[in-house]
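>>> Sequence first, predicted coordinates after that:
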Amino acid sequence: MSKKDVAGDSGTGVGSDTETTSDGTDCETLDLGLGIDIDIALEAVETDAETGVELTFDEGDLLEAADATDPHESDDDTPAGTEREPLETDERAQLEATDIDLDSLQEKRCSYRMVVEAGVDEAVAESLRRRFSLPWSFDGDGDLERRSSAVRGLGAAEREWIAKSGDEGWQTFEYDESPIAAVAREKPTERPWPKPTPVTAVTGVGPDDADALADAGICSAERLATINAFDVARVLDLDVVHVRTWRHNARELLA
């Protein structure tokens, strides 16, 4: 008796038998030792000649179908991210009448001024400028002045500055100002505040004393009348009695 027969008799081993069904298909029965028999049709098991891997059921057909289909291939030849922006009927009609094509708009090779000068209506050109983010103009001369006339809220002085800054002459500040930009102010007929009283007008303060007081920022009798005599005497190394006398005389002068 062989080991295979012993395992099959005991019911604890794993064995296999090959039988031929009524339709002529070879069928192999596997005994897993669990009381369950599994029948596998041998024709359903194929071996890949290149890899030697057994392909069960219809896996070979699935792999052939996967190889035949490239997921990266697409019928659309347009690269990703370069989808054309839709155009309205009137926009397309006006562009066809000019030398400007859609690629020029997408690549921003033309400006808003170029579109208008080509014969496109300003309303259509404005719509194209916003949609394709076109620059106003490739030539900055006069563009600032043109846009300043369209911007709301600018004053007369601001508009004059924009008009004068069209060339480099405005940097010399020698241009003639217009009466609109000039601010008219009436000159006062008299001084709005009184002139300070010289410190030498205080009794006891001579020219040398005035120079010493100027070092401490005391240049008028009004300031001398409000000082701290002790601090001034300490800073200027003066007699505090003299400083107090000057302060008293300044107050008497201004009273």
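That came in fine, so what should we check first?
>>> can you give me the helices for the stretch 151-255 of the chain?
With DSSP state H, counting those that start in this stretch as the criterion, the stretch 151-255 of the chain has helices at 156-164, 207-215, 221-224, 229-236, 240-254.
>>> between the longest one and helix 229-236, how big is the angle?
Which is helix 240-254. Interaxial angle, helix 240-254 versus helix 229-236 (axes from the mean of the first three to the mean of the last three Cα atoms, to 10 degrees): 120 degrees.
>>> got the CA positions of helix 240-254 in CSV?
Output in CSV follows, covering the C-alpha atoms of helix 240-254 (Å, rounded to 0.1, in the frame of the first residue of the first chain):
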residue,chain,number,x,y,z
VAL,A,240,21.0,129.9,42.1
VAL,A,241,20.3,133.4,43.7
HIS,A,242,21.1,135.1,40.4
VAL,A,243,18.9,132.7,38.4
ARG,A,244,16.0,133.2,40.8
THR,A,245,16.5,137.0,40.4
TRP,A,246,16.3,136.7,36.6
ARG,A,247,13.2,134.6,36.8
HIS,A,248,11.5,137.2,39.1
ASN,A,249,12.5,140.1,36.8
ALA,A,250,11.2,138.2,33.7
ARG,A,251,7.8,137.7,35.4
GLU,A,252,7.7,141.3,36.3
LEU,A,253,8.5,142.3,32.7
LEU,A,254,5.8,140.2,31.2
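>>> which helices and strands does it pack with?
Counting contacts by 3 or more Cβ pairs under 8 Å, 6 or more residues apart in numbering; DSSP states H and E, helix 240-254 packs against helix 221-224, helix 229-236. C-beta: built from backbone N, CA, C; applies to glycine.
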